[in-house]
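A.B. asks: sharing a model that was predicted from the sequence below.
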Amino acid sequence: MPKFRVCLLLAALALAASSAGASTEGGGFFGEKGSPADVVESLVNLGNSYSRRVQRDYRNAKKVFYEKACSLNRGSGCTGLGLLYLSGQQVAKDEHRARELFEKACSLEDGAGCGNLGELYYVGTDVAQNYQKARELYEKACRFEDGAGCGSLGNMYALGRGVRQSYPKAFELFEKACALKDGSWCNNLGYRYSRGIGVRENGRKARAFFEKACDLDDGSGCTNLGLRYARGIDVRKDSARAVELFEKACSLESAGGCNSLGLMHDKGEGVRQDYAKSRAFFEKACALESGEGCNNLGVMYVNGEGVAKDPVKAIGYYEKACALKVGRGCNNAGIRYMRGIGERKDLARALEFFDKACALEFGGGCFGAGVIHAGGMGVEQDFAKAFSYYEKACGFRHGGGCNNLANLVSQGRGVPKDAAKAKEFYGKACALNDNVGCFNMGIITSRDRSDEKNQALAKKYFGKSCDLGYQKGCDRYARLNSSLKAN
């Protein structure tokens, strides 16, 4: 299921009550003036309360309130009941029953019902996937002023699925969704303006949409706004304000907000450094399926920060991060298996995790796989494969990958020997702050006597290598510096 729509499916419980107020009454359906309608409205609101606020009693919400409201032809009650069947939260999951309920809700002019029914056709749940049908239902939802339906329709125009791609049309619909107080689509607009996706990048507009999303209690909007204050993007850097926003985001079950809050406590930015609090927020983030949160927990158990060192727990968290498609987590798991930290040394498992990290475009994973193939560690030595991995690592801006790529090219291992190319890769490695890459650039430059300025340039490379923590760079810098002074 597309991630953008999951928010609708889970949040529509909250939308159901507001949708109920917007829908029209069937002429003459209720016998007495006013009071029966008020009773049905109360049933829907009670269902919302039980499902969202009163101990999350989904079974009570289904059996008593949504079910009764739906039987009295309140569309929002049918939508709420359908969502319970779709999610299977404390009831038997039944996608067919959910579809029937969404169909009834939509026939009763409940926008959220039409929107969720459209989603079933969009992804092909209990029906054959049908973009045209999905579009028609999203259009209907949007006409009934369901913000999520407008946003989903806009997404179809942005992607060109079932319609001719049109960013202007997409943004028109995204803005309508936001104006209808769907915070998730305000956040979507903010993200698009922050990255220049389908529109010219505009930091001011991005911040405005993130602010509106957060005001509408969209956790991701609060997280994205907090990141701008934490990093000083289009606003003056304000760590304390960032912490406030991350706290709100985390309270709204935003995994990214909890992870960011954990990082602020870990670094002592905007708050006093507190590893215990940091761990608690990383744990919550990880429970909310933030791979970054799981990875950060693993790091805490490796370093013994706020917890006793536990390499076994660390690798468990790294593996969970990897399963959640965080390349850094895959890479960290690979390193542990390669070195036998927390688990028995297992080069086959190490390569498996490095490959996963590399596929997720994390340069360290490509680098690790390259090291295994170049060294023949548990596999047949293969410099051509190593070259391929190092090339990917370098392309993903991993300095060590660029340096090792240069080594293979300079030695003609797996590829033709090419001194000029090797120098280019060593230069890129140094630009990416790889200390050994800077050292090798110093060696190459110091040997080139074609220009008297090369010795001073070599000294700069050795100096940078030293500053980056490479002792050989420090030694070479000292020797070359003494030589230049003597001359």
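C.D. replies: Yep, it's here.
A.B. asks: could you chop this protein up by domain?
C.D. replies: Per the record's domain assignment (automatic domain parsing), the chain is made up of the domains 1-24+33-145, 433-487.
A.B. asks: which residues does the helix or strand where residue 98 lies contact?
C.D. replies: Assessed by DSSP states H and E, residue 98 sits inside helix 95-107. Around helix 95-107, the neighbours that count as contacts under Cβ atoms under 8 Å, 6 or more residues apart in numbering are 70, 75-76, 78-79, 81-83, 85-86, 112-114, 116-117, 120, 125-127, 137, 140-141. Backbone N, C-alpha and C define where each C-beta goes, glycine included.
A.B. asks: these in helices, which ones?
C.D. replies: Within these, membership in helices is found for 70, 75-76, 78-79, 81-83, 85-86, 112-114, 116-117, 120, 137, 140-141, as judged by DSSP state H.
A.B. asks: and the contacts of helix 95-107, which are buried?
C.D. replies: Of all the contacts of helix 95-107 considered here, the ones buried according to neighbour count by 16 or more other Cβ atoms under 10 Å are 70, 75-76, 78-79, 81-83, 85-86, 112-114, 116-117, 120, 126-127, 137, 140-141.
A.B. asks: return stretch 424-434 as CSV; C-alpha atoms alone will do.
C.D. replies: Extracted C-alpha coordinates of stretch 424-434, given in CSV (Å, rounded to 0.1, in the frame of the first residue of the first chain):
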residue,chain,number,x,y,z
GLU,A,424,41.4,11.6,-10.1
PHE,A,425,39.9,9.1,-7.7
TYR,A,426,42.5,9.8,-5.0
GLY,A,427,41.5,13.5,-5.3
LYS,A,428,37.8,12.7,-5.0
ALA,A,429,38.6,10.6,-1.9
CYS,A,430,40.4,13.4,-0.3
ALA,A,431,37.6,15.9,-1.2
LEU,A,432,35.3,13.5,0.7
ASN,A,433,37.6,13.7,3.7
ASP,A,434,39.1,10.2,3.5
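A.B. asks: could you check the pLDDT of the residue lying closest to residue 409 once chain neighbours are set aside?
C.D. replies: For residue 409, ignoring the flanking residues on the chain, the nearest one in space by Cβ to Cβ, 6 or more residues apart in numbering is residue 422 at 4.4 Å. Residue 422 is assigned a predicted lDDT (pLDDT) of 96.
A.B. asks: going forward can the numbers begin at 529, since that is how I track them
C.D. replies: Okay, residue one is now 529; in that scheme the one you just asked about reads as residue 950.
A.B. asks: residue contacts, residue 950?
C.D. replies: Contacts of residue 950 by Cβ under 8 Å, 6+ apart are 934, 935, 937, 938, 972.
A.B. asks: the domains of the chain: lowest mean pLDDT?
C.D. replies: Of all these, the minimum mean pLDDT falls on domain 529-552+561-673 (a mean of 72).
A.B. asks: list the buried residues in the helix or strand residue 936 falls within.
C.D. replies: With elements taken from DSSP H and E, the one containing residue 936 is helix 927-939. Residues of helix 927-939 classed as buried under the neighbour-count rule (16+ other Cβ under 10 Å) are 927, 928, 929, 930, 931, 932, 933, 934, 935, 936, 937, 938.
A.B. asks: and of those residues, the nearest to residue 825?
C.D. replies: Sorting these by distance to residue 825 puts residue 928 at the head of the list, at 25.5 Å, by Cβ to Cβ.
A.B. asks: list the contacts of the closest one.
C.D. replies: Contacts were defined as Cβ under 8 Å, 6+ apart; by that measure residue 928 touches 892, 895, 921, 957, 962, 964, 965.
A.B. asks: and the residue nearest to residue 937, how far from residue 930?
C.D. replies: In this structure, residue 950 lies at 10 Å from residue 930, with Cβ to Cβ, to the nearest Å as the measure.
A.B. asks: next one: residue 660
C.D. replies: Taken as Cβ to Cβ, the spacing of residue 660 relative to residue 930 amounts to 49 Å.
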